[in-house]
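Colleague: sequence plus the predicted model coming up.
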Amino acid sequence: MLALIHYDEIALKGGNRKFFEQKLAENVKKSLCQKGIVFDSVKRVYGRVLVNFPDDREKETIRAVLKNIFGIAHFSFAQECAKDIEKIKEKSFDVLSRQEFTTFKVETKRGDKNFALTSQQVNEQVGEHILMWLENERSLAPFNKGAKLLSASKVKLDNPDITLYIEIAEKDVFLYTEKIAGPGGLPSGVSGKAICLISGGIDSPVAAWYLMKRGVAAVFVHFYSTQQGYEQSLEKVRDLVRALNAFGLNSKIYFVSFSDIQKEIVLSTQADLRVVLYRRFMFAVASEIAQKEGAKALITGENVGQVASQTLDNMLVISQATSLPILRPLAGFDKIEIIDKAKKIGTYEISIQPHLDCCSMFVPKHPQTKADLKEVRKQEKKLKVKKLIASAIKNAKIETI
Ligand code: ATP
Ligand code: MG
């Protein structure tokens, strides 16, 4: 069995086609391996990625895996034949006789413009051949299953029951009847690495997904405080990352204890600025991890106006704790849109499980919504910022999922 993978040509503007294709092929291989699916080869052919499987026993699992691989615009389970019109006719009937339909059309795409017939000529010849075959089958073997199903068959160009796609490539011809949508986007890793601050809530996994879709490989950082039952919350974060791995590859998570930082903040600083101070520490720690990892940006699930820490004033002050760009793909979404997406990508049910959120600890009823950078810096002077950051990173637990 063959899977013929198409990617979006638009993504290739700028001459990085080869890199893009290589990465996509590599990601397809890795994703199939991760699921324990056996394949014979993964090849790049004339602007497609072609995967050869020994048989079609794992077809449904393969379909589920390919549907989630970023960079895939659509894919098909295809049959292959030689570049010869007679062979194409034979194979066409072979493909169609296994399907149920009454109306059909043939849609040819001629990648190789040197092929003797035009696309339209191939459509006509194959279409005619199929109709003839069907007539024959019907008169010769009235009880033959294929003939019975196809007895009323006719060509219908507008909205037919089935379309036979024929792609004439450089060396071979591919035939298929189903185009299965992939998630689009860019292959994981082509855009480099970023650190995603993942909280265990609904938003941050969705934020990670949007940037993974643009080819960013995410390294996750989660801050926790060692309160009773916190281990369960860490497991929840692992579950979220496992769910996201369906769209990427293995992921690394840094689990960073926030307890010491939090203790110092609570002991020494002004209560209404705690959330802002927590967040600035998170960004500072994440930036150091980014440097270790060679990551070029931070990703958060922040969303303008959602909570006290996410007013534009506070975001301005928080942002200045790092010199890295902060990617906030959800900044302008409504909560309901985020929830919708979370459901679609399979993170919502995990996110709504109970969670011990370190940021909601020791937070006053009325946190500052218009933090002032000067004031915040004055508060931070009371803390051993560098030492706290260094020790948080030194004690981080790194896991690969
Ligand atoms: P989420 O649903 O992602 O928790 P939220 O609406 O609860 O988002 P906040 O709690 O204010 O928003 O957090 C904003 C962002 O800060 C999160 O989306 C996440 O990127 C980051 N963040 C918050 N808490 C943590 C944490 N404990 N560890 C890592 N990142 C965090
Ligand atoms: Mg949160």
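Modeller: Everything's here; your move. Ligands and ions are numbered 1, 2, ... in the order given.

Colleague: list the residues that contact the residue of the stretch 251-400 of the chain found nearest ligand 1.
Modeller: Nearest to ligand 1, among the residues of the stretch 251-400 of the chain, is Gly301, at 2.6 Å (C-beta to the nearest ligand atom). For every residue, glycine as well, the C-beta is placed using N, CA and C. By C-beta atoms under 8 Å, 6 or more residues apart in numbering, the contact set of Gly301 is 197, 199, 201-207, 328, 330, 338.

Colleague: what number of residues lie near the residue of the stretch 51-200 of the chain found nearest ligand 2?
Modeller: Nearest to ligand 2, among the residues of the stretch 51-200 of the chain, is Ser199, at 3.9 Å (C-beta to the ion). Neighbours of Ser199 under the rule other C-beta atoms under 10 Å: 23.

Colleague: with Gly332 instead?
Modeller: 10.

Colleague: next, count neighbours for Lys384.
Modeller: Using other C-beta under 10 Å, Lys384 has 14 neighbouring residues.

Colleague: which residue ranges make up the domains of this protein?
Modeller: Domain ranges of the chain: 1-81, 83-178, 193-400, per automatic domain parsing.

Colleague: what about the first one, average pLDDT?
Modeller: Averaging pLDDT along domain 1-81 gives 91.

Colleague: could you work out the end-to-end span of that domain for me?
Modeller: Criterion C-alpha to C-alpha, to the nearest Å; first-to-last residue distance in domain 1-81 is 12 Å.

Colleague: around ligand 1, which positions in the chain sit nearby?
Modeller: 197-199, 201-204, 221-223, 282, 300-302, 306-307, 309-310, 358-359 (C-beta under 6 Å from any ligand atom).

Colleague: redo that, cut-off 8 Å
Modeller: By C-beta under 8 Å from any ligand atom, the part of the chain that sits against ligand 1 consists of 196-207, 221-224, 256, 258, 275, 278-279, 282, 286, 299-303, 306-307, 309-310, 330, 338, 351, 357-360.

Colleague: my read: Ala284 touches Ala321, true?
Modeller: Yes - using C-beta atoms under 8 Å, Ala284 is in contact with Ala321, at 4.9 Å.

Colleague: please pick the buried ones from the residues of the chain next to ligand 1.
Modeller: Among those, those buried by neighbour count (16 or more other C-beta atoms under 10 Å) are 196-207, 221-224, 256, 258, 275, 278-279, 282, 286, 299-303, 306, 309-310, 330, 338, 351, 358-359.

Colleague: now, those that are in strands?
Modeller: Judged by DSSP state E, those include 196-197, 221-224, 256, 299 as members of strands.

Colleague: of those residues, which is the nearest to Glu399?
Modeller: Distance to Glu399, by C-beta to C-beta, is smallest for His222 among these, at 10.1 Å.

Colleague: that older thread, state the pLDDT value of the residue of the stretch 51-200 of the chain closest to ligand 2.
Modeller: For Ser199, pLDDT reads 95.

Colleague: got it, and Ile389?
Modeller: 97.

Colleague: same thing with Trp133?
Modeller: 80.

Colleague: got it, and the one 3 residues further on?
Modeller: Note on Asn136: pLDDT of 77.

Colleague: what of Gln228?
Modeller: Predicted confidence (pLDDT) for Gln228: 85.

Colleague: that one in helix, strand or coil?
Modeller: coil (DSSP: H, G, I helix; E, B strand; the rest coil).
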